[in-house]
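Undergrad: Could you look at this predicted model? Sequence included:
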Amino acid sequence: MTDTAVEAEAVGTTEPLLSVEDLHVSFHKGSQTVQAVAGITFTLRRGETLGLVGESGCGKSTTGRAIVQVEPATSGKIRFGDTELTALGRGDLRTLRTQVQMIFQDPISSLNPRRRVNDIVAEPLNIWRIGTKEERRESANAMLDQVGIDPFLLGGRRPREFSGGQCQRISIARALVLKPKLLVCDEIVSALDVSVQAQILNLLEDLKQEYNLTILFIAHDLAVVKNVSDRVAVMYLGRLCEIAPSDVLYEAPAHHYTAALLASAVEPDPEASRSSAALLGEPPSPINPPSGCRFRTRCPRAETRCAEEVPEMRQIAPGHQVACHFPISS
Amino acid sequence: MSPGTLLEVEDLHVSFATSRGSVQAVQGVSLSLDQGKTLGIVGESGSGKTVLSRAIMGLLPRSSTTQTGSVRYNGTEILNAPNDDLRKLWSTHIAMVFQDPMTSLNPVLRIGNQITEPLKIHLKLSKGEAKETALSLLMQVGIPSPVERYQAYPAQLSGGMRQRVMIAIALACAPRLLMADEPTTGLDVTVQAQILDLLGQLQHDRDMAMILVTHDLGVVATRTDEIIVMYSGNVVERAPTNVLFKSMAMPYTEALLKSTPRLANPSHTRLTAIEGRPPDLLHPPAGCPFSPRCPYAQEKCHREKPPLVEAAPGHSYACWFPLTAARPQEVTA
């Protein structure tokens, strides 16, 4: 985040592009209810990238899917600009999708294997009948060119002829061809090799500048999230633990879960203190989550209060919020 | 061969016959591993690291592959050895933990049966003894309430738990060499740290040698004695772990490290991506396999393939213009 953005946040001048308020998403599994997302609140300001990290099953993908309305929210509010998304009818929602786009994890299966890539990228324009046929073809080609796929050489090929990294570039082109305002990226680099991952991350950064995108970047890799994000939110078992500007979060985590995640991460440096398992066991089931703080069963600092009282999100420094009764003081 | 050497691979070539031609997956790899040591094999997809580890194990299908060279375990040649001979080595001497704990366990057999199977076959334990050993193994790999888990099916366990079961099976007959192929890929960071700790501790307790195959330089940085970097079927650099990170010589190793996002760097640090992608193994380039993507490549690199040479004790690399050497003027330009 730039300094001005920090200041703007402190005085509350930037209007958020997206605000999520007390979002709940539950699934039914037989007679049981799985609370995948259990009341999370955050905002995304225009032009910023918010990273959403957590381990599998923490609800980070469900949150992303709920925002683009692929998954219906059980309760809570999702406001995009001035529009309340959860209350929209089908038609209005469809119109809105031109402004909110999502890129998925598996680059190959998220593209139609039977279609040529220039048709895949032109499809959103065709659906919305934007411009003449010629113009659509041109903007699709320009978009492909911009993500590093030569439209004249490769545009007529089908997804199976491309590598995973190239398919992810095509997915990005498809998502951006309508010039959306908000982009939700769900683990978009986790299936790629590091060298290709770096290409995609750099590309995303360039496109973000060019199209003034606001991005929700969902991933499990802490280093990747730090690299792309202005702010980072950490999720555990359906709830948010901590939100802070990325450099602050990684430098001085206040939540014990954030600290444990960072301590577990491996670094390509033999001099770095050897990561070791900072947490024992695995997250409990979201069907029957622990009372109070959901992390307390694995938390080194947990006390009786943590079992009795759900910790509320509270501000401990400008822009730094944490949901913990006994946060780590820096 | 020095007295402590457990595994020695010499000039190993593996090629697959495909409908489009022969794929040279491993092109002349040599390595050696001493008892109780850990070797990391690092590379991206298609680098040949998994094929190499499977060739060492003798797991590649004989009908569609050609394997030449030599793989010696404890002085005995095991490459292309008859399956009956290999079966005597598997589990009791060499065991493997596979990449995907979701699919490498048998979904319709209880966990207990899968651990006791090698014990009964290889160690000829009775049913009761095998069960006792299996329960103690489950305990050793950190599975809570082993008596209940013994009766469980793989689908009832989480990914991390399944990987622990895989490790218990691999260790059941006390092998001297453990091959771990991407043992933590697909696991969450906190679970990854647990599994790596567990492997390290078991290896230490049992004085077992280990080959850790991974795409992640972070996984091998603090947990190996020596690292081999593979690219497009070739070993491009080999060095003791601390030497490799301190004075890497091969531009590919450097590129791999620089393209990895680091926790230590501030956010929005521009990554140094490697442009392009690995060569097609059906038509490998004539010169250095990395030359089409290498920022320092010279004409010679495109023409002649550099051999793997030992430049300092224990440190070998295959590069005409290594990073550590003083570069000729035109290279830095």
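TA: That came in fine, so what should we check first?
Undergrad: correct me, but B:Gly21 touches B:Leu282?
TA: Yes - using Cβ atoms under 8 Å, B:Gly21 is in contact with B:Leu282, at 5.1 Å. In short, each C-beta sits where N, CA and C put it, glycine included.
Undergrad: ranges for the strands of the chain?
TA: In the absence of a named chain, chain A is used. Using DSSP state E, the strands found in chain A span residues A:16-29, A:32-45, A:49-53, A:75-80, A:83-84, A:100-103, A:182-186, A:214-219, A:231-236, A:239-245, A:314-317, A:320-322.
Undergrad: please go with chain B instead
TA: Along chain B, counting by DSSP E, strands occupy B:5-18, B:21-34, B:38-42, B:65-73, B:76-77, B:94-97, B:177-181, B:209-214, B:226-231, B:234-240, B:309-312, B:315-317.
Undergrad: will you turn the ones you listed into TSV that also has mean pLDDT, mean neighbour count and distance to A:Ile130?
TA: Shown next, in TSV, are the strands of chain B (pLDDT from 0 to 100; neighbours: other Cβ atoms under 10 Å in any protein chain shown; distance: least, Cβ to Cβ, whole Å):
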stretch	mean pLDDT	mean neighbour count	distance to A:Ile130
strand B:5-18	95	18	44
strand B:21-34	93	19	44
strand B:38-42	97	25	46
strand B:65-73	95	17	52
strand B:76-77	94	12	67
strand B:94-97	94	25	52
strand B:177-181	95	24	48
strand B:209-214	96	25	46
strand B:226-231	97	26	44
strand B:234-240	96	24	48
strand B:309-312	92	13	59
strand B:315-317	96	22	53
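Undergrad: Grab the nearest non-local neighbour of B:Ser158.
TA: Closest residue to B:Ser158 apart from its sequence neighbours, by Cβ to Cβ, 6 or more residues apart in numbering or on different chains: A:Glu282 at 5.5 Å.
Undergrad: Over to B:Leu79?
TA: B:Val71 (4.1 Å).
Undergrad: wait, what's in contact with that neighbour?
TA: Counting by Cβ atoms under 8 Å, 6 or more residues apart in numbering or on different chains, B:Val71 makes contact with B:Leu7, B:Glu8, B:Val9, B:Glu10, B:Leu12, B:Ala55, B:Ile56, B:Gly58, B:Glu77, B:Ile78, B:Leu79.
Undergrad: please redo it, this time with the cut-off set to 10 Å
TA: B:Val71 makes contact with B:7-10, B:12, B:29, B:31, B:52, B:55-58, B:77-81 under the criterion Cβ atoms under 10 Å, 6 or more residues apart in numbering or on different chains.
Undergrad: Equivalent analysis for B:Ile228, please.
TA: Neighbours of B:Ile228 in contact, by Cβ under 10 Å, 6+ apart: B:29-31, B:39-43, B:49, B:52, B:211, B:213, B:220, B:235-239, B:244, B:316.
Undergrad: returning to that earlier point: can you add distance to chain B and mean neighbour count and give the strands of chain A back as a markdown table?
TA: As requested, the strands of chain A are arranged in a markdown table below (distance: least, Cβ to the nearest Cβ, whole Å; neighbours: other Cβ atoms under 10 Å in any protein chain shown):
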| stretch | distance to chain B | mean neighbour count |
| --- | --- | --- |
| strand A:16-29 | 14 | 17 |
| strand A:32-45 | 15 | 20 |
| strand A:49-53 | 9 | 27 |
| strand A:75-80 | 25 | 17 |
| strand A:83-84 | 30 | 13 |
| strand A:100-103 | 18 | 23 |
| strand A:182-186 | 15 | 24 |
| strand A:214-219 | 10 | 25 |
| strand A:231-236 | 8 | 26 |
| strand A:239-245 | 8 | 25 |
| strand A:314-317 | 17 | 13 |
| strand A:320-322 | 15 | 22 |
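Undergrad: Which residue does the stretch 1-150 of chain A have closest to chain B?
TA: Per Cβ to the nearest Cβ, A:Glu55 is where the stretch 1-150 of chain A lies closest to chain B, at 3.8 Å.
Undergrad: I'd like the distance between that residue and A:Leu261.
TA: According to Cβ to Cβ, to the nearest Å, A:Glu55 stands 8 Å off from A:Leu261.
Undergrad: which neighbours do these two share?
TA: Common contact partners of A:Glu55 and A:Leu261 (Cβ under 10 Å, 6+ apart): A:His220, A:Tyr236, A:Leu279, B:Asp188, B:Val189, B:Thr190.
Undergrad: Narrow the residues you listed to those in helices?
TA: Using DSSP state H, the subset of those located in helices is B:Val189, B:Thr190.
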